[in-house]
Structure formats: structure tokens, C-alpha cells
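Undergrad: coords please:
(chains A and B)
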Amino acid sequence: MQYMLLFTETEADFAKREDPAEAPAYWAAWNAYCKLAGESGAMVSGAALQPASTATTVRIRDGKQTVHDGPFAESKELAAGFFILDLPDLDAAIEWAAKCPAAASSSVEIRPVLPKG
Amino acid sequence: MLPDHEIGAALDQVFRQSRPRLLAFLAARAGGDLTAAEDALSDAFAAALDQWSHSGIPRQPEAWLISVAKRRLIDAQRRGATRLAAMDRLSQALEAASAVVDAPGEIPDERLKLFFVCAHPAIDPAVRAPLILQTILGLEAQQIAGLFLLTPAAMSQRLVRAKTKIRVAAIPFAVPPKEELAGRLDAVLDALYAAFTLSVDQGASSLAQEVTWLTQILVHLLPHEPETLGLLALMLFVTSRAPARRSPDGRFISLPDQDPRLWDDALASSAEALLFRAARGKQPGRYQLEAAIQAVHAARRRTGRIEWDAICALYAQLTALTASVGARVAWALALLEAGHHASSERLLRSLDAALLRDHQPYWAACARIQEALGQSSEALAAYRRAASLAVDPATKQWLEDRARRLEKEVP
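TA: Numbering: from 1, shown residues only, chains lettered A, B, ... in the order given. The predicted structure is shown next:
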């Protein structure tokens, strides 16, 4: 059973990436988490994302394409990365989500992956 | 050939006694597809009604029902009519199941897993109690809808959504590990208590009985959990007072005004024994404290008086443990009864009135306390507000009567 863990972060979290005082602890936490996932054998794939300030949103309405700067929804919690994990059940996915650094400051959404038909 | 009513009675008996066990067994092995398991079990009960009248009741009715239900699950899978996602897993699981079923003896008891699935933290808290009533008791969405003040269509929709989530997100059919058990059990107990209080408030006594029966099953499955014992004790205390709660002409009688000779002494004694057993665990919790408060009231049948100070002390402990505003409202009332008028008023004023705008017990408590403090016009308004929010006709009547009596005093 595959689950996507969608990590979100706040603006303040993203800012830590560049802050000399905060960056080492920020990256250490993520690296430890990724290492744990990688070694668990559950990891299918995953990626971290550039900050939401680099996002571009595209929509087509009445055949007309609009492109705008920024993420698709106004929110304090912004997509920051994801894992696809192969796990036995939702409880295992909740356990992985709870270990993620983003869970303490923002949130993690768990979604079962649609099986390939 | 047996007469239909005998078969019907035998089936009713099996349905009531065995349904939770059979469904838990099937669902755990049907890839978590509660809907498919329920459909297969309904088919098996229908087949039993038909066949048992010809061939008699089998020696092991549960095994008979399981093997028919299992065939229905496999048939549904072959027809492609079932919405099971994990077909391979299902076939393997069903093979394992048939090995158990074909072997003589007991069907493993997996009802506990079903309770934990229905009250899983990933399930919307508002749908946990309905889900337990539907899957474990086998009630129809229509019967449950009224209790939760929803239309049958809306209730069905929520139940379908929850069952789909259980299947698609693979919520495990498992008893939580020891270190998580207490926290997860709270959600199960909260769901059972919600179903119980709604049943009592709406005068649905047979439903309240069914919920009590489910709690008894839970006590049987987890005999050493103090909070489960506490909840069952609480339910039995409340049920023991049912004969005294209404006057012969159907009027509501508040607890301190009830005639203790009308209480069911045997039920109250069982509740006391359960609470005593719970206390030996030395892990106080919300339901044990609530039951202890009821035990103080129940003691009136022997002592003739209510120890309000003991009740206040229990509420102090209870409110330190839970955020429940209902408990704070009840505490304020107990302080009033104990003669601590100033503390009672202070506590009531500390509550967030905006949050309690539609909370009937809050307005009833405000009215009682303001009346006792001589604030007649505020009390009158509060009685009217409480009456407008009351669902139970007898409670509504009682509140309106108090309001009418007060009207004469307000200039």
C-alpha cells in the first residue's frame, strides 16, 4: 500500500533554510528524517521543493490560459515536499508523518496513492 | 420443516449475539471493506432464513453463516461487482479464513478490532458513534439518523464516506499497541457515551440498552481497563433511575427531586460493584469520576440525603481532567446545591457564553443559579432560552413551567 506524505511548511520554516543561525538545525532535522526513511526500505520516491515564492500557477478558463505568480491557494501552510512510502497501513503512515520535522511547525497530509489500474 | 417464526426467532438470536463477531471476522479478512462484509453477511442471514426452515438450524450456526458469507464475498469478487481494491490480498485472506472456518471450533473474536477501526483518530469524531451503531449493532442509517439529528440521506452519506476511507486509506483492523491503548480507547468510550446520552435524552430506551450491551462486550474484551468499567457503571447508574425520571403523567423530574424508592436497586448495586472494581486499577479517569458522581446520588437510596460537598469535590477533579463545558456547568449547579452561591456564580460567569449559546444545560443552569440569587428577570430569560433549546418534550415542559412560575414574580 503506497501513501503520499505531503509536507507543508510556513513562511518562517522556509526562511530557516537561508538563515545562518537556523539553517544547520533545520537541515540536520530533515536530513535525519530522510536518512531514516531511506534506510527503512519503505521509500518509493520523494522530493523537497523550492519555497512557495518561486511557485507559478496555471489555469485554463473558457479556453483561455492564465498564468500567475504564487501558489494555487492562499494558505499559511505551503507545500514543501513529499514522500511516497510503501507501508502496511494508515497507522504506519501516521507514525512516519509524526516523525517529520514539518509536523511540529506546520502539518503533513497523508493520502493513499491511487493504485495503477 | 420448522415453522417460520421459530427460524425467525433463532435467527434474531444469532443476529443479535453473533453479528458483531461475524462482521469483525469477515471485515478483517475482506481487505477492510466493511460494506462488502456487511452485504455478504446480510445475504448469509437471508439464505439462513430460507434454508434453515427446510433443513433445520445447523449445529454451528455461526460457522454456517460465515461459510455462506465467505462464498458471497468470493462470488462478488468474481462478478467484479465488489469495489475491493486489493483483490489478491482478499483471495489470500479468504483462504486463510476458510481454513479457520472449515476447522471445527470457535471463530476468533475480533470484535475489539472493529471498535478501534470505527473510532480511529483518522475517522471524523462526529461519525464514530454512528459507525459503531451501524457496523457493530447492524442498525440502519435511517434508525441512526434521528438520534444524531440528521436526515437519513445525510447520515448514509457520512457512513459511506467513512467506510470508503477505512478501505481506501487502509485503516488497520488491529488492537492498538499497549502504549497507545488508553488514548485510543478514550475515542471508543466517547463514541459509546455520545450514543448513550443521545438515546437517553430522546427517550430511546431500547437503543440506550443496545449501547449498554455494546459497552458490556467491551468490558468483556478488556476486563482490566478502569475507564471501560467506569463507563459501564455510569450507564447502569443512569439506567437505574429511568423509572423515577418521569411522573405518572409524563412530566420531567430532576434528579434531586426523584423518589429513590423508584430506582432499580439491583442495577445501581451492579454499577457500584463495577465502579469499585475500576477503582482498584488506581487510574482515575473521566468516566470513573462521572460514575462516582452518580454513585453519590445513588447513595441517597440508603442514606436519604445527597452529599453535595462530595459531588463538588468530584467535579473539581473531573474539570481538572477534561475541557468539557458540560462538566463545568454541572459543577456550578452542584456548588449552588452545596450552598456555595458565590463560587457557583463565579464559575458560571467564567464560562464562555458565546460558545454556549445553544447549550441547553448551560441556560438551564444559569436560570437555576440566577433564580437562587434572586436575579429573577435574568433567570426568566434563561429559562425561556433553555426551553427553546430543549429537544425532549418533558424537559421542555418542565423549563416552561419554571418560567411561568417566575413570570408572576417579575414586575
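
Undergrad: switch to C-alpha atoms for all contacts and neighbour counts from now on
TA: OK.

Undergrad: How about the contacts made by B:P121?
TA: Contact analysis of B:P121 by Cα atoms under 8 Å, 6 or more residues apart in numbering or on different chains lists B:184, B:187.

Undergrad: so how far is A:I94 from it?
TA: Between B:P121 and A:I94 the computed distance is 10 Å (Cα to Cα, to the nearest Å).

Undergrad: Helix or strand for A:R111, just tell me which one.
TA: Assigned by DSSP states H and E, A:R111 falls within strand A:108-112.

Undergrad: elements contacting that strand?
TA: Packing partners of strand A:108-112 (3 or more Cα pairs under 8 Å, 6 or more residues apart in numbering or on different chains; DSSP states H and E): strand A:2-9, helix A:90-99.

Undergrad: deepest of the ones you listed, which one?
TA: Between those, the one whose residues have the most neighbours on average, counting mean count of other Cα atoms under 10 Å in any protein chain shown, is strand A:2-9 (a mean of 23).

Undergrad: roughly how far out does it sit from the chain middle?
TA: For strand A:2-9, the separation from the chain centroid amounts to 5 Å (computed by Cα atoms, centre = their mean, to the nearest Å).

Undergrad: List the pairing partners of that strand within its sheet, with orientation.
TA: Here strand A:2-9 has these sheet partners by DSSP bridges: strand A:78-86 (antiparallel), strand A:108-112 (antiparallel).

Undergrad: From the chain's centroid, how far away is the first one?
TA: For strand A:78-86, the distance from its own C-alpha centre to the chain's C-alpha centre is 4 Å (Cα atoms, centre = their mean).

Undergrad: Report the backbone C-alpha coordinates of it in PDB.
TA: This file holds the C-alpha atoms of strand A:78-86, laid out as PDB (Å, rounded to 0.1, in the frame of the first residue of the first chain):
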ATOM      1  CA  LEU A  78       2.600  25.800   1.900                       C
ATOM      2  CA  ALA A  79       3.700  22.600   0.000                       C
ATOM      3  CA  ALA A  80       7.400  21.900   0.900                       C
ATOM      4  CA  GLY A  81       8.000  18.400  -0.300                       C
ATOM      5  CA  PHE A  82       6.700  14.900  -0.400                       C
ATOM      6  CA  PHE A  83       7.500  11.200   0.100                       C
ATOM      7  CA  ILE A  84       5.900   8.200  -1.500                       C
ATOM      8  CA  LEU A  85       6.200   5.400   1.100                       C
ATOM      9  CA  ASP A  86       5.200   1.700   0.800                       C
END
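
Undergrad: what angle sits between that strand and helix A:90-99?
TA: Counting by axes from the mean of the first three to the mean of the last three Cα atoms, to 10 degrees, strand A:78-86 points 140 degrees away from the direction of helix A:90-99.

Undergrad: same thing with the last one?
TA: Note on geometry: by the same axes, to 10 degrees, strand A:108-112 and helix A:90-99 are set 160 degrees apart in direction.

Undergrad: What residues of the helix or strand containing A:A32 count as buried?
TA: A:A32 belongs to helix A:23-40 when elements are defined using DSSP H and E. Buried residues in helix A:23-40, counting neighbours by 16 or more other Cα atoms under 10 Å in any protein chain shown, are found at A:23, A:26, A:34, A:37.

Undergrad: Pick out the residue closest to the middle of chain B.
TA: Closest to where the C-alpha atoms of chain B average out (Cα atoms, centre = their mean) is B:L192, at 2.7 Å.
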